[in-house]
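Asker: can you look at this prediction? I've put the sequence above it.
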Amino acid sequence: MRSTIFFSVLGLALGVAGGGSMRASTIFSGTITPTNQEADIYFVYSATGPDGPVSGAISLGSDPLPGVGVPFMKMVSGYITSGSATLLGVYSPTLMSATVLPENIPTTPTVSVIVNSGEAATDTGMGWDSVFTNGPDEATIENDLISGNTTDLISFLTGNSSHFLSYSDMTTGDSGTILNFSNATVGGSATLNVMSTPDSPASVPEPSSAWLVLGGVGLFGLNKLKRA
């Protein structure tokens, strides 16, 4: 019985002496600076990693004022090696106040999309269906942004990924252009940073700390065995 206690305490000491592990995670951050009032903005990403493909669409939770750069940061679990991302929102061509009311949103679709700088030069002035040939159409995306239906947002990103921002596990300051549809006029800019870290094993403790803990356990065990 006493030997059982000794080895149980020894196991506990080894756990204490060792450090804790850190789970894999990815942090997306950046700044969006629209020239028009926007609402219902979503950050949409798709990526690959050791555990396979991952994707998601996350609401920014705030509506930036025209011409004012607004930082954003979103953290997701898992390590990624590469991927693509965009920001989608509903903009108002005329309203320049702090809030977009439903009655002020035009009846025709008005979706803003972040594209990479290279594509911006080609896409500017083109219609939605001519740029994003794999759909969904603009009206569908606008409704999804307003209602919070993220399935189509992810399909839109993955089906048209060559137009958007690309990144690796360590990306800093990737820049993009906001295009306001339906005729793809320039509507601002955005930046993207990505920092992804893999799972880290339990840290190895300082030798002095480990020996101190184990030494105490040894004295405890020796005392118990003498009294047995």
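Answerer: Received the coordinates, thanks.
Asker: for the rest of this, base every contact and every neighbour count on C-alpha atoms.
Answerer: Will do.
Asker: for the most centrally placed residue in the chain, give me its contacts.
Answerer: Nearest to the mean C-alpha position of the chain, by CA atoms, centre = their mean, lies Phe28 at 4.1 Å. Contacts for Phe28 were tallied using CA atoms under 8 Å, 6 or more residues apart in numbering; they are Met73, Lys74, Met75, Leu192, Asn193, Val194, Met195.
Asker: could those go into CSV alongside secondary structure?
Answerer: Output for these, formatted as CSV (DSSP: H, G, I helix; E, B strand; the rest coil):
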residue, secondary structure
Met73, strand
Lys74, strand
Met75, strand
Leu192, strand
Asn193, strand
Val194, strand
Met195, strand
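Asker: which of these lies closest to Ser168?
Answerer: For those, the minimum distance to Ser168 (CA to CA) is 7.2 Å, reached by Val194.
Asker: returning to that earlier point: which of the contacts of Phe28 are buried?
Answerer: Leu192, Asn193, Val194, Met195 (16 or more other CA atoms under 10 Å).
Asker: JSON lines for these, including pLDDT?
Answerer: Formatted as JSON lines, the buried ones among the contacts of Phe28 follow (pLDDT from 0 to 100):
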{"residue": "Leu192", "pLDDT": "98"}
{"residue": "Asn193", "pLDDT": "98"}
{"residue": "Val194", "pLDDT": "98"}
{"residue": "Met195", "pLDDT": "98"}
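Asker: which pair in the residues you listed spans the largest distance?
Answerer: The farthest-apart pair in the buried ones among the contacts of Phe28, when distances are taken by CA to CA, is Leu192 and Met195, at 10.3 Å.
Asker: what is in contact with these two at once?
Answerer: Counting by CA under 8 Å, 6+ apart, the contacts common to Leu192 and Met195 are Phe28, Thr171.
Asker: the strands in the protein, which residues?
Answerer: In the chain, the segments counted as strands under DSSP state E are 25-34, 37-48, 54-59, 70-77, 82-92, 111-116, 165-168, 170-180, 185-197.
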